[in-house]
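1. Generate a structure from the sequence data that follows.
(one chain, ligands or ions: 1)
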Amino acid sequence: MRNFIEAFELAGSSNSEICSCGKIYYDVSDLNDFEDGELESYESNPKAVACDHSIGLLVFEGKEYVQNCECWKFRANQIMDFIDSHNSGIAAYINTERKRKIAEAAAMPLVS
Ligand SMILES: [Zn+2]
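-> Sure thing, here's the model as predicted:
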């Protein structure tokens with residue numbers, strides 16, 4: 001799972017993020033990071049989850065997920081299983097697509 005996260009994580013982190021599933025994760029390790037009323041609104045929200053570290057995101061299939069959330073892990077396991085069981089085919093596809101795109105680019109007229 002660590003390799004999946006490294007491959008799809010977004011650079012940086014913040015003190016709060018909304019996961020694709022709707023849960024809100026917020027970092028209580030530095031309470032000075034919140035604007036007036038922000039922390040109170042999280043504390044009263046049943047969909048908000050307090051964490052003691054900054055909040056990181058990962059992106060795959062067009063959705064943003066909070067790394068701490070459990071909601072994305074089932075789908076990530078399906079994707080990893082697919083990649084692992086078809087890695088030769090996936091590598092061949094990427095190489096073939098690379099060749100096609102290079103040929104396509106070479107056929108484009110040069111504009112000066
Ligand atoms: Zn989630």
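2. State the pLDDT value of the residue lying closest to residue 24 once chain neighbours are set aside.
-> Leaving out its chain neighbours, the residue that sits closest to residue 24 by C-beta to C-beta, 6 or more residues apart in numbering is residue 48, at 4.3 Å. In this view, the C-beta of every residue, glycine as well, is placed from N, C-alpha and C. On pLDDT, residue 48 comes in at 97.
3. In this structure residue 48 contacts residue 22, no?
-> No. Residue 48 is not in contact with residue 22 according to C-beta atoms under 8 Å; the separation is 10.4 Å.
4. ok, the two, which is more surrounded?
-> residue 48 (16 against 9; other C-beta atoms under 10 Å).
5. Return the residues of the chain in contact with the ion.
-> 19, 21, 69, 71 (C-beta under 5 Å from the ion).
6. For the residues you listed, which entry has the maximal number of neighbours?
-> The residues of the chain next to the ion, ranked by neighbours (other C-beta under 10 Å): first place residue 19, 22 neighbours.
7. Relative to residue 24, how far out is the nearest residue to it once chain neighbours are set aside?
-> Once flanking residues are discounted, residue 19 sits nearest to residue 66: 4.1 Å by C-beta to C-beta, 6+ apart. For residue 66, the distance to residue 24 (C-beta to C-beta, to the nearest Å) stands at 9 Å.
8. Please enumerate the helices of this structure.
-> Secondary structure of the chain (DSSP state H): helices at 2-8, 38-43, 73-85, 87-106.
9. Out of those, which is the most enclosed?
-> Comparing the helices of the chain on average neighbours per residue, with mean count of other C-beta atoms under 10 Å, the densest one is helix 38-43 at a mean of 14.
10. For this protein, which residue occupies the most central location?
-> residue 58 (1.5 Å; C-alpha atoms, centre = their mean).
11. got any ranges where this structure has weak pLDDT?
-> Scanning the chain for pLDDT under 70 picks out no residues.
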